[in-house]
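Undergrad: kindly return the folded structure for what I paste below:
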Amino acid sequence: MKTPITLAVAIAVTLARGTLFAQDLGGMQGMDKRKHREMMPMHENMMEKQKAQDAEIEKLLAEMKGATGDKRVDAMEAVLNKLVEQRKAMHAEMALHLDK
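TA: Prediction:
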């Protein structure tokens, strides 16, 4: 009587494991090395742009923190405008790469 139950459990476990292995890993895990090497310069360029954008925001934030009165409001507006500008540029660049 134990054998059919054990056999059923073994089959269930085997089927469950099979579905896990059949799943698409997506992202970098499923990417071959050649394609990964081709994408590295693009990723490095993107990281450089992000660092430059972060530096711009940090500079504007420092100016904002040092400002008072109306100048502080103007500095806050500059920070918000820069963030929106960067976000729009990021979306445009992402759309460009996704259309390929």
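
Undergrad: host element of L96?
TA: Element membership for L96 (DSSP states H and E) is helix 69-98.

Undergrad: distance from the chain centre to that helix, please.
TA: Per CA atoms, centre = their mean, to the nearest Å, the displacement of helix 69-98 from the mean C-alpha position of its chain is 18 Å.

Undergrad: stretch 88-99: how far from the chain's middle?
TA: Here the centre of stretch 88-99 is set off from its chain's centre by 13 Å, with CA atoms, centre = their mean.

Undergrad: circling back to that earlier point, which elements pack onto the helix holding L96?
TA: The helices and strands touching helix 69-98, judged by 3 or more CB pairs under 8 Å, 6 or more residues apart in numbering; DSSP states H and E, are helix 33-66. No exception for glycine: its C-beta is placed from N, CA and C like everyone else's.

Undergrad: residue ranges in the protein under the pLDDT threshold?
TA: Along the chain, segments meeting pLDDT under 70 span 1-4, 7-8, 12-13, 15-31, 100.

Undergrad: follow-up on the earlier one: let me know the angle separating the helix holding L96 from helix 33-66.
TA: 170 degrees (axes from the mean of the first three to the mean of the last three CA atoms, to 10 degrees).

Undergrad: next one: K65 from M76, what distance?
TA: Distance check for K65 against M76: by CB to CB, to the nearest Å, it reads 10 Å.
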